[in-house]
Every structure is written in structure tokens, then in C-alpha cells.
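> Give me a model of this one.
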Amino acid sequence: MLERFNPLLRLICLLLGAVVVLLAGRTFLRGDPLANLRIPPLPTLAPAATNPPPAATTPKADAAPPAPRARQPGPPGGAEPSPPASPGVQSIVSSEIFGPVPRPPSIPTALLGIAGKHAFLRTSTGQTGLLKEGEELGGVKLLRIGTNRVLVEQQGEKKELTLFSGFGGKSLLNKGKETPQ
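Alright, predicted model coming up:
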């Protein structure tokens with residue numbers, strides 16, 4: 001049964017082959033397709049009226065070379081500091097349309113651990129350190145160390161920091177004044 005379609009399939013393949021050969025020959029005989037392409041010159045902007053043209057000066061043979069300029073403080077690499085952003089730009093940035101604006105994280109003061117007469121604290125500025133009673137780190141003064149809690153003073157306010165809530169000792173604060181964190 002397939003044998004009777006053989007001549008028909010052969011004829012279709014020959015026709016498709018001829019079309020491919022004709023299209024390939026036409027492409028090669030055509031020549032350069034971009035030969036007649038005309039690219040217009042790039043438009044230029046007129047010089048700004050506020051900037052006068054630089055004065056043409058010729059150096060005098062007997063003139064002393066200019067004194068070197070003192071280095072002004074600024075960004076490294078000699079780059080000029082960028083001017084402050086306009087209010088419109090500041091409002092776009094603060095709206096966070098193009099992504100979140102990086103801000104320093106607000107870190108709460110925390111008790112990280114207790115080892116005998118030492119407590120390991122993290123301050124709200126991100127500093128961490130091992131403190132004894134009476135020592136200070138980043139504006140946080142360690143007043144007392146308990147079983148699972150410490151009493152600290154930060155900005156004139158006494159706070160109790162705990163490792164975990166539940167059993168583990170009595171509060172170091174006077175009752176009724178401040179609440180543990």
C-alpha cells in the first residue's frame with residue numbers, strides 16, 4: 001500500500017528541493033542587501049547658552065607654570081562629590097518604587113549568654129561583647145547578673161534582659177517599676 005505513494009512523495013521532495021535551490025540562488029545573485037542603505041547623520045544638540053565658549057589662550061614662554069592645587073577632601077579617586085538630590089528625586093527614592101532603600105537594622109539590646117561572672121551582650125548599635133558587672137559597652141552598662149537574666153542600664157533606664165522566659169531565678173528589677181524584656 002505504501003508503494004503506491006512512493007512516486008507522489010518523490011515528486012514532493014523534488015519540488016521542495018527545487019524551491020530551496022531557487023531561494024538560495026536568488027540570495028547569492030542579489031548581491032549585498034545593504035548596498036542601498038543610507039544612514040542619516042546623528043542629530044547634535046546646540047551648545048548651551050549659559051556656558052560661554054572657553055577663551056583661547058596661548059601659553060607665554062616666560063610665564064611660570066601654575067601652582068599645584070591643594071587636594072580638597074572628598075571621595076577617593078578624585079571624583080567630584082555629587083550634588084544633593086532634588087526634593088522630587090528624594091520623594092521617588094523614599095517611595096521605594098525601584099526597590100527597598102537600605103537602612104541600618106534596628107537591633108534590640110539582647111542577652112546572648114551568661115558564663116559565670118560574665119554576660120555576653122549585643123547592644124542596639126550592633127556591638128557584641130563579654131562584660132562583667134559594672135562594665136559598659138555601646139552605651140549599655142551591666143549592673144547585675146542573675147541565673148538566666150541580667151540587669152542593664154541604657155540611656156538612664158534600667159532594663160532586665162532574659163535568656164528565656166519561665167523558670168530560672170527571681171527578677172532583678174524592683175517590683176512594679178519596669179517590665180522584663
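
> from here on, contacts and neighbour counts on C-alpha atoms
Will do.

> what about the protein, any weak spots by pLDDT?
1-2, 47-85, 88, 104-105, 165-169, 174-181 (pLDDT under 70).

> Show me the strands in it, by range?
110-115, 118-122, 128-131, 136-137, 140-145, 149-154, 157-162 (DSSP state E).

> So what are the sheet partners of the shortest one and their directions?
Counting by DSSP bridges, the strands paired with strand 136-137 are strand 140-145 (antiparallel).

> Deepest-packed of the strands of the chain, please.
strand 149-154 (a mean of 22; mean count of other C-alpha atoms under 10 Å).

> Relative to that strand, what are the paired strands and their orientations?
Sheet pairing for strand 149-154, assigned by DSSP bridges, gives strand 140-145 (antiparallel), strand 157-162 (antiparallel).

> looking at these, which is closest to residue 10?
strand 157-162 (88.6 Å; C-alpha to C-alpha).

> about what we covered before: to residue 117, which of the strands paired with strand 149-154 lies closest?
Here strand 140-145 is closest among the strands paired with strand 149-154 (C-alpha to C-alpha), at 7.2 Å.

> Just send the strands paired with strand 149-154 back as TSV, with distance to residue 102 too.
Shown next, in TSV, are the strands paired with strand 149-154 (distance: least, C-alpha to C-alpha, whole Å):
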stretch	distance to residue 102
strand 140-145	26
strand 157-162	29
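
> Which one of the ones you listed lies nearest to residue 15?
That would be strand 157-162 among the strands paired with strand 149-154, by C-alpha to C-alpha, at 87.6 Å.

> quick one: that closest one to strand 110-115, angle?
Strand 157-162 runs at 60 degrees relative to strand 110-115, counting by axes from the mean of the first three to the mean of the last three C-alpha atoms, to 10 degrees.

> Put the alpha carbons of strand 157-162 into PDB.
Extracted C-alpha coordinates of strand 157-162, given in PDB (Å, rounded to 0.1, in the frame of the first residue of the first chain):
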ATOM      1  CA  GLU A 157      16.700  53.500  82.000                       C
ATOM      2  CA  LYS A 158      17.000  50.100  83.800                       C
ATOM      3  CA  LYS A 159      16.000  47.000  81.800                       C
ATOM      4  CA  GLU A 160      16.000  43.400  82.500                       C
ATOM      5  CA  LEU A 161      17.200  41.100  79.700                       C
ATOM      6  CA  THR A 162      16.500  37.300  79.900                       C
END
